[in-house]
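**Student:** Sequence and predicted structure are below.
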Amino acid sequence: MKCSYCSEEIERGTGFAYVRKIGTVRYFCTKRCYRLNVIYNRKPNKKEMKG
Ligand SMILES: [Zn+2]
């Protein structure tokens with residue numbers, strides 16, 4: 001599976017799973033990605049155009 005935030009591949013037995021009340025599950029490679037996406041509600045990394 002891949003990290004829901006940074007799309008890095010997550011090895012089995014590692015990473016964090018976050019289950020929302022509505023039943024969807026998100027997987028994160030590190031707690032950092034978990035915090036950024038869940039706690040701070042950041043959107044997944046995307047290349048942004050300057051200007
Ligand atoms: Zn990640």
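**Tutor:** Received the coordinates, thanks.
**Student:** Now residue 32: phi and psi?
**Tutor:** Per-residue torsions, residue 32: phi -60, psi -50 (degrees, to the nearest 10).
**Student:** what residues does this protein put near the ion?
**Tutor:** 3, 5-6, 8, 29, 33 (C-beta under 5 Å from the ion). C-beta coordinates here come from the backbone N, C-alpha and C atoms, glycine included.
**Student:** Name the member of the residues you listed that has the highest neighbour count.
**Tutor:** Most neighbours among these, by other C-beta atoms under 10 Å: residue 33, with 24 neighbours.
**Student:** ok now do it, which residues does it touch?
**Tutor:** 3-6, 16 (C-beta atoms under 8 Å, 6 or more residues apart in numbering).
**Student:** Show me the shaky parts of the chain.
**Tutor:** Under the criterion pLDDT under 70, the flagged ranges of the chain are 43-51.
**Student:** can you give me the helices in it?
**Tutor:** Assigned by DSSP state H, the helices in the chain fall at 31-34.
**Student:** where do the strands sit along it?
**Tutor:** 16-19, 25-28 (DSSP state E).
**Student:** if you compare those strands, which one is most tucked away?
**Tutor:** strand 25-28 (a mean of 16; mean count of other C-beta atoms under 10 Å).
**Student:** As JSON lines, the strands of the chain with distance to residue 41 would be great.
**Tutor:** Listed next are the strands of the chain as JSON lines, based on distance: least, C-beta to C-beta, whole Å:
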{"stretch": "strand 16-19", "distance to residue 41": "12"}
{"stretch": "strand 25-28", "distance to residue 41": "12"}
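**Student:** Residue 39: which of those strands is closest?
**Tutor:** Minimum separation from residue 39 across the strands of the chain (C-beta to C-beta) falls at strand 16-19, 10.1 Å.
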